[in-house]
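Student: my questions are about this predicted structure, shown below with the sequence.
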Amino acid sequence: MKDNYKFLGRRKDLVNEIKEKGITDQLVLDSLLLTPRHYFVDSGLEEHAYLDKALPIIEDQTISQPFTVAFQTQLLCLEKKQKILEIGTGSGYQCAILYNIGVDVYTIERNHKLFRKTSELFGKLNIRPKIFKYGDGYKGLPDNSPFDGIIVTAGASEIPQELLKQLKVGGRLVIPVGGRSQTMYRITKESNEKYKKEKFGNFRFVPLLKNKN
Ligand code: SAH
């Protein structure tokens, strides 16, 4: 795995592009600059890694568009050391962005091939989520809850109630909900009975799949 000035230069341009598109959270921008996306795309696609585009990864899944990664991460309103759960590890890029911000990351992937490939990559890159679990993200991680934030990186047909339960009071769930195209929601747990629901435009993710494990 090699980084170099060419890729660093492209990363700087990408960060500027994402800033122009409205991302202001400095923790997110710094992490984008620090995290080589070309490590997370399939070999052969490295030259495309710093375009602001989603790209295919194995098993018919995708690595999200950098803007989308930045947008979802910004919606979490992170502070260092927080406890964050990600559903849908995929290539590991979003997880690496969270890790490089300095939060404690817990992440779940249900596809075994991706789980194995990304575990190996994390080992090579020294990216250390607190837990990287092979399993069904709909269930969350009850034993490690509550979380300051939960980020879902696949399109859900509905808001998983189990994930809401696993938020701290004041915590946020960022999740795309819908069918072929999804609306980005941020749900803030204001108390154990009260949730604030906000909408943030339309996106297109691969589906969050149900009932495997
Ligand atoms: N965050 C990823 C995006 C990957 S695409 C990245 O940065 O690359 C979405 C991922 O969600 C896929 O890897 C898919 O296998 C996974 N997924 C789909 N349904 C899931 C579920 N119920 N639980 C956990 N992961 C799921």
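Tutor: Everything's here; your move.

Student: next structured bit after the lengthiest helix in the chain?
Tutor: Criterion DSSP state H: the longest helix present in the chain is helix 5-20. Counting by DSSP states H and E, the element after helix 5-20 in chain order, helix or strand, is helix 26-34.

Student: output the contacting helices and strands for that following helix.
Tutor: When contacts are defined as 3 or more CB pairs under 8 Å, 6 or more residues apart in numbering; DSSP states H and E, helix 26-34 sits against helix 5-20, helix 66-75, helix 93-101. C-betas here are computed from N, CA, C, even on glycine.

Student: can you list the buried residues in it?
Tutor: By neighbour count on 16 or more other CB atoms under 10 Å, the buried set for helix 26-34 is L27, V28, L29, S31, L32.

Student: equivalent analysis for stretch 112-129, please.
Tutor: Residues of stretch 112-129 classed as buried: L114, F115, K117, T118, L121, F122, L125, I127, P129 (neighbour count, 16+ other CB under 10 Å).

Student: please report phi then psi for the residue nearest to P176 when sequence neighbours are not counted.
Tutor: By the measure of CB to CB, 6 or more residues apart in numbering, the closest residue to P176 outside its immediate chain neighbours is Q182, 3.6 Å from it. Here is the backbone geometry of Q182 (degrees, to the nearest 10): phi -130, psi 160.

Student: do the same with the one 3 residues further on
Tutor: According to degrees, to the nearest 10, the main-chain angles of Y185 amount to phi -110, psi 140.

Student: these two touch, right, it and K199?
Tutor: Yes. At 6.0 Å, Y185 and K199 qualify as touching, with contact defined as CB atoms under 8 Å.

Student: residues in contact with the spatially most central residue of the chain?
Tutor: In the chain, the centroid-proximal residue (CA atoms, centre = their mean) is Q94; its distance is 3.7 Å. Contacts for Q94 were tallied using CB atoms under 8 Å, 6 or more residues apart in numbering; they are S64, V69, Q72, T73, E86, I151, T153.

Student: on that earlier part again, so the residue nearest to P176 bridges to which residues?
Tutor: The residues listed as beta-bridge partners of Q182 by DSSP bridges are G178, F203.

Student: contact partners for it?
Tutor: For Q182, the set of contacting residues under the criterion of CB under 8 Å, 6+ apart consists of G155, A156, P176, N202, F203, R204, F205.

Student: and the buried ones among the residues you listed, selectable in ChimeraX?
Tutor: Buried residues among these (16+ other CB under 10 Å), as a ChimeraX selection:
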select :155,156,176,203,205
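
Student: what is the nearest of the contacts of Q182 to the ligand?
Tutor: Of all the contacts of Q182, the one with the least separation from the ligand (CB to the nearest ligand atom) is F205, at 6.7 Å.

Student: thanks a lot, see you next time.
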